[in-house]
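>>> my questions concern the predicted model and sequence given below.
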Amino acid sequence: MVIRKWLGPRNLQLVFGAFALVAGVLIALRQDASHLLFQAAGTVGYACAVVLSFGSWLALDRAATAARTRRILIVFHLMFIPAQFLFLLAHQVPWLGMLLSTMIAVGLKPRFPRLGRTSRKVWLTLHVGISVGWLGVSLAMLALSIVGMTTDRPDVRQGAYVLMNTFDVALAIPSVFMALITGAVVSLGTPWGLVKHRWVLAKLIIALSLPLLAVLEGPWIEDLVTRTEDPAAEPGETGILLIGAMALFFTLLWTATILSVFKPGGRTRWGRREIKQDGRSGTAVTVAAAERVADRTVVLDLVAADGARLPSWKPGAHVDVVLPSGRVRQYSLCGDPAEPGRYRIAVLYEPDGRGGSTELHRLALGTTVGIRGPRNNFPVVAGAPSYLFIAGGIGITPFIPMIEQLTADGGHWHLVYRGRATASMAFAGQLSRSHPQRVTISPADRWPRPDLQAILRAAPPGTAVYCCGPEAMISAVEALMPTACPQGTLHLERFAPSARTSELPDAPFEAELRRSGRTVQVPADRSLLSVLQDVDPSLDFSCEDGVCGSCEARVLAGVPDHRDDVLQPAERGRQDVIYPCVSRVRGSRIVLDL
């Protein structure tokens, strides 16, 4: 514990300040430095680091300035690590500085905001342009090294090495620095990351190895420039080593280019672990069984790809299914909560839909997909004297485990189930056989529409009314409840966003993120979620329509303007939670526990 405390970023920053003071003095006093420009840059750079280090050591101990200081230090050290590669041309002491900067940057646990569309294009353009220029410089230097080694003319040999030295200082070294900076920004500001994918990690290793190679070839070039001032001198072994170094340099750059194009190797161990914990692809599961339970409806059994237990759940829960195409769809769990290794979902084929149901119906057994969740925005309230379930079509799915639980607990319940035809009503036969006295099956091709007003009026006092199905049915029940069933409580679950509107216009506001110490401005034409993602791309979200509830955020101050379909009718006045994908703020400010 004591060692961990002393190795914390604050104390390391104090150590780095002392190191920077010594390093700056050593670089400034060196008499035989071959690159006066980088000697001056190292002296000035470490002098600035001394001031920042000792100042930040004090600021990190103060709550009012700690968050901002951490952000400044993260940016500084991420920029200063490649900068110290340049200082190596003046002295070897920056090796220790790079190690300390890396330890401090990791210890500060930086979160990298996702680049916006325009920023991403700008940084990517810079990275590609600089990398192409770097590749051209390396080709030119390889050609010059061959010319210097093979020519019979002393003036050409001397000129080749002098030109190489100029290229090395004026073009190659700045290209290394800028390619590292722009590559890191693009990687960290996009879903690629630095260590999530094997090809990105390989490019990072190549990029970091090239400056090390440059440390070796730089002195060789300088030695050859000095040696070939004598027309009779030959490049010798140093010339051969230089050709080999430049060939390796050029080959590594082309390897990095090929990696960028073909992106081989899949995810790294760290990338796979991130997916399993909270990545956008979710936990990997495979399709273990498929059963057609009605016309156009198939039930899929999903088991963990690694054979592990899946998270427990309660009736009313749903999961996000991340399909191989990247589509994300929400489905209620309709299996047995007591079976921990298997999830069941029922999928209605919708030929005119957005493609998710079509893809799911075509999945072969053994196919791997991702799931996120489960989440439960539609739980069974405990202790109600009776329960009334009103289901339309595939809206029956969340009620299957609810009914089984209430039956096992001895609860009083009744189901009204409406569909187009008996053959297309999933689980209708199973429900009629198991609970003939409690289930009303109402296929539209045989029976008129149920009288919802009469059904609601007949509900006993305190009835918990649950409704899931087409929007027309849900809206009808929602409209009838205040007059037909004021004695009950209404619980709704939608598969698609409603036409819910707000009496307030879309005005700009600000959001304070209490835990991170940041305040962001939310313009009228952007959602709160999109602005939050600029700050923290790791925030969970899924549907972005206010239906799934995955983006839930805790409110510490301010009044939300709820525009979601997650909160139940009786919860619309809550001020402790917001779903930022669609909801906004009543007023000009909100404080979130983020």
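That came in fine, so what should we check first?
>>> show me where the stretch 351-500 of the chain has its strands.
Along the stretch 351-500 of the chain, counting by DSSP state E, counting those that start in this stretch, strands occupy 368-375, 387-392, 413-419, 439-443, 464-468, 489-493.
>>> and those strands as a markdown table, adding distance to S542?
Every C-beta, even on glycine, is put in place using the N, C-alpha and C of the backbone. Putting the strands of the stretch 351-500 of the chain into a markdown table (distance: least, CB to CB, whole Å) gives the following:
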| stretch | distance to S542 |
| --- | --- |
| strand 368-375 | 7 |
| strand 387-392 | 23 |
| strand 413-419 | 27 |
| strand 439-443 | 32 |
| strand 464-468 | 18 |
| strand 489-493 | 15 |
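>>> now the host helix or strand of Q13: buried residues?
Counting by DSSP states H and E, the element that carries Q13 is helix 9-29. For helix 9-29, a neighbour-count test (16 or more other CB atoms under 10 Å) marks 9-10, 12-17, 19-21, 23-24, 26-28 as buried.
>>> which residues touch whatever helix or strand comes next after that helix?
Next along the chain after helix 9-29, taking DSSP H and E as the criterion, comes helix 36-59. If you take CB atoms under 8 Å, 6 or more residues apart in numbering as the criterion, helix 36-59 is touched by 10, 13-14, 16-17, 20-21, 23-24, 27-28, 30, 33, 65-66, 68-69, 72-73, 76, 80, 83-84, 86-87, 89-91, 94, 97, 169.
>>> just give me the closest of the buried residues of helix 9-29 to V585.
Ranked by distance to V585 (CB to CB), the buried residues of helix 9-29 are led by P9 at 34.3 Å.
>>> list the contacts for A294?
A423, S424, M425, A426, F427, A428.
>>> dump the helix holding Q13 to CSV, restricted to CA.
Below are the C-alpha coordinates for helix 9-29, written out as CSV (Å, rounded to 0.1, in the frame of the first residue of the first chain):
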residue,chain,number,x,y,z
PRO,A,9,1.0,10.1,-10.3
ARG,A,10,1.4,13.0,-7.8
ASN,A,11,4.6,11.7,-6.3
LEU,A,12,5.9,10.5,-9.6
GLN,A,13,5.3,14.1,-10.9
LEU,A,14,7.5,15.4,-8.1
VAL,A,15,10.2,12.8,-9.1
PHE,A,16,9.8,13.8,-12.8
GLY,A,17,10.3,17.5,-11.8
ALA,A,18,13.6,16.6,-10.1
PHE,A,19,14.6,14.5,-13.1
ALA,A,20,13.7,17.3,-15.6
LEU,A,21,15.9,19.7,-13.6
VAL,A,22,18.9,17.4,-13.8
ALA,A,23,18.3,16.4,-17.4
GLY,A,24,18.0,20.0,-18.5
VAL,A,25,21.3,20.9,-16.9
LEU,A,26,23.1,17.9,-18.4
ILE,A,27,21.8,18.6,-21.9
ALA,A,28,22.6,22.3,-21.6
LEU,A,29,26.2,21.7,-20.4
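>>> angle of that helix against helix 36-59?
Here the directions of helix 9-29 and helix 36-59 differ by 150 degrees (axes from the mean of the first three to the mean of the last three CA atoms, to 10 degrees).
>>> name the residues of stretch 561-576 that are buried.
For stretch 561-576, the neighbour count (16+ other CB under 10 Å) marks D561, H562, R563, D564, D565, V566, L567, Q568 as buried.
>>> with just CA atoms, put it into PDB.
Provided in PDB are the C-alpha atoms of stretch 561-576 (Å, rounded to 0.1, in the frame of the first residue of the first chain):
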ATOM      1  CA  ASP A 561     -37.300  17.200 -19.300                       C
ATOM      2  CA  HIS A 562     -38.200  13.600 -19.800                       C
ATOM      3  CA  ARG A 563     -38.800  12.700 -23.400                       C
ATOM      4  CA  ASP A 564     -38.000   9.000 -23.200                       C
ATOM      5  CA  ASP A 565     -40.200   5.900 -23.200                       C
ATOM      6  CA  VAL A 566     -38.300   4.100 -20.400                       C
ATOM      7  CA  LEU A 567     -39.900   5.800 -17.400                       C
ATOM      8  CA  GLN A 568     -43.400   4.500 -16.500                       C
ATOM      9  CA  PRO A 569     -46.300   7.000 -16.400                       C
ATOM     10  CA  ALA A 570     -46.100   7.300 -12.700                       C
ATOM     11  CA  GLU A 571     -42.400   8.100 -12.900                       C
ATOM     12  CA  ARG A 572     -42.500  11.000 -15.200                       C
ATOM     13  CA  GLY A 573     -41.900  13.500 -12.400                       C
ATOM     14  CA  ARG A 574     -38.600  11.900 -11.300                       C
ATOM     15  CA  GLN A 575     -35.700  14.300 -10.900                       C
ATOM     16  CA  ASP A 576     -32.900  11.800 -10.000                       C
END
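>>> list of residues touching the helix holding Q13?
5, 33, 39, 42-43, 45-47, 49-50, 53-54, 56-57, 60-61, 70, 73, 87, 90-91, 93-94, 96-97, 100-101, 103-104, 107-108.
>>> are any of the residues you listed buried, and which?
For the contacts of helix 9-29, buried by 16+ other CB under 10 Å: 33, 39, 42-43, 45-47, 49-50, 53-54, 56-57, 60, 70, 73, 87, 90-91, 93-94, 97, 100-101, 103-104, 107-108.
>>> show me the helices in the stretch 251-400 of the chain, by range?
Assigned by DSSP state H, counting those that start in this stretch, the stretch 251-400 of the chain shows helices spanning 269-277, 356-361, 399-409.
>>> lowest average pLDDT across these?
Lowest mean pLDDT within the helices of the stretch 251-400 of the chain: helix 269-277, a mean of 52.
>>> returning to that earlier point: go through the buried residues of helix 9-29 and name the one nearest L365.
Nearest to L365 out of these is P9 (CB to CB; 50.0 Å).
>>> appreciated, that's everything.
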